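[1] With the sequence up front, the predicted model follows.
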Amino acid sequence: MHLVMVGISHKTASLEIREKFFLRPIERELLLSQFRTDTAVVESFIFSTCNRTEIYAHLLNDDPQLLIQAILKIKNLPPSDDLLKFFYIKKGPDAVRHLFSVSTGLDSLIVGEKQILGQVKTAVELARTECMLGKHFNILTNLAIQLGKKARTETQIDSGGSSISWAAMKMAENIMGELKDKSVLIIGAGKMGKLTASHFQQKGIGQIYVMNRSQEKADDLAQQYGGTAVGFWQIKDILDKTDVCICSASCTHYLIEKDLIEQVMRDRQDKKLLFIDISMPRNIDPAVADVKNVRLVEIDDLDKVVEENINRRSSCVDQVEQMITRKVTVFYDKVAKIYDIEVARI
């Protein structure tokens, strides 16, 4: 069995590079569909988040370039050395260990983050729907999910803040100070938007505005956290009176551009405005940072906040590493039993 993983992550590539390789749900479906008809690919699953894009595959031949070329093709990118240098390749036990490090949160920008386990589950379900999970990867993914849960229940790897949305709130607090007399506009009412609203509510934020493509979802989220749902057509007026804007949408284009913010800031009389973009791909034009009295924070800037919790969790890393080592052995023991059974049938 050739178990191979290829990917890029926050450890090897900047946000600008990672968003070039971000795979939207439809692109993940198309890739899995292509793999299903490729006799060289036995099993596969894919996940793509703000911090990583990775493909895991059980291949007939030891050919990880097949997977990299598939990503490049679907993203319409050239196979240039300038792009290929950001990829890493792991095989066999190293690939298994890496998956387990991801599911437990050890490989995350925020060590112990909780969202990655849900993202692994989503990737597994999509692969199952596309008929790309067989005997080996059913075992592998079940162990990864079990281990992710075990690490969080038996250690304190996720103690304190452990999500991108928490880090966004903490960054806002560090920059703006006390949040009780501040207002926040949250763009996006998905899982990340809900977590963001929850964190700001817990800090006693003065006012929460929610903006979303679906007005119904915006209404629901605003009602849940005592906020106000607003429409995109109101964005200039709302930005005129907010202190912080958190964008967690999933659009393929910029929702907030420099021209708009220049107009907004002319009416604010030098009052500062903080933008935090936790979308992938980015939904706030980076040029916004050039506007006077505006500060733009992006995902990779959040590692400055993360350092505060590292010491608290560092003692748990060794515990989780030991769990991972044991689970790698368990996986290969289970795979060996499959082969023993198959040989016995011959």
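    Nice, I can see it.

[2] And for stretch 83-99, what's in contact with it?
    Residues outside stretch 83-99 that contact it (CB atoms under 8 Å, 6 or more residues apart in numbering): 2-9, 12-13, 17, 20, 56, 62, 64, 68, 72, 77, 107, 140, 144, 324-325, 328, 331-332. Backbone N, C-alpha and C define where each C-beta goes, glycine included.

[3] starting at the chain centroid, how far to it?
    Relative to its parent chain, stretch 83-99 has a centroid offset of 18 Å by CA atoms, centre = their mean, to the nearest Å.

[4] For that stretch, output the C-alpha coordinates as CSV.
    Presented in CSV, the C-alpha positions along stretch 83-99 are these (Å, rounded to 0.1, in the frame of the first residue of the first chain):
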residue,chain,number,x,y,z
LEU,A,83,4.8,27.3,-6.7
LEU,A,84,6.0,23.7,-6.3
LYS,A,85,8.5,24.7,-3.6
PHE,A,86,5.6,25.3,-1.1
PHE,A,87,4.4,21.7,-1.2
TYR,A,88,5.4,19.0,1.2
ILE,A,89,5.1,15.3,0.7
LYS,A,90,4.7,12.6,3.4
LYS,A,91,4.5,8.9,2.9
GLY,A,92,3.6,5.8,5.0
PRO,A,93,3.9,6.3,8.8
ASP,A,94,4.9,9.9,8.3
ALA,A,95,1.7,10.7,6.5
VAL,A,96,-0.3,8.9,9.2
ARG,A,97,1.4,10.7,12.0
HIS,A,98,0.9,14.0,10.2
LEU,A,99,-2.9,13.4,9.9
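
[5] how about the helices in the chain?
    Secondary structure of the chain (DSSP state H): helices at 15-20, 25-36, 65-74, 81-84, 92-103, 115-129, 135-154, 164-176, 191-202, 215-224, 235-240, 258-266, 303-345.

[6] Narrow the contacts of stretch 83-99 to those that are buried.
    Neighbour counting by 16 or more other CB atoms under 10 Å classes 2-9, 13, 56, 64, 68, 72, 107, 140, 144, 324, 328, 331-332 among these as buried.

[7] sorry, back to before: of all the helices of the chain, which one is nearest residue 251?
    Closest to residue 251 of the helices of the chain is helix 15-20 (CB to CB; 12.1 Å).

[8] which helices and strands does that closest one pack with?
    strand 2-9 (3 or more CB pairs under 8 Å, 6 or more residues apart in numbering; DSSP states H and E).

[9] quick one on the thing from earlier: so which of the helices of the chain is nearest residue 274?
    Closest approach to residue 274 among the helices of the chain (CB to CB): helix 164-176, 5.8 Å.

[10] Okay, angle between the closest one and helix 191-202 too, please.
    If you take axes from the mean of the first three to the mean of the last three CA atoms, to 10 degrees, helix 164-176 sits at 40 degrees to helix 191-202.

[11] Now do helix 164-176, average pLDDT.
    On average, the pLDDT along helix 164-176 is 92.

[12] show me what contacts residue 200?
    Contacts of residue 200 (CB under 8 Å, 6+ apart): 169, 172, 179, 184, 186, 208, 225.

[13] Kind regards, and thank you for your time.
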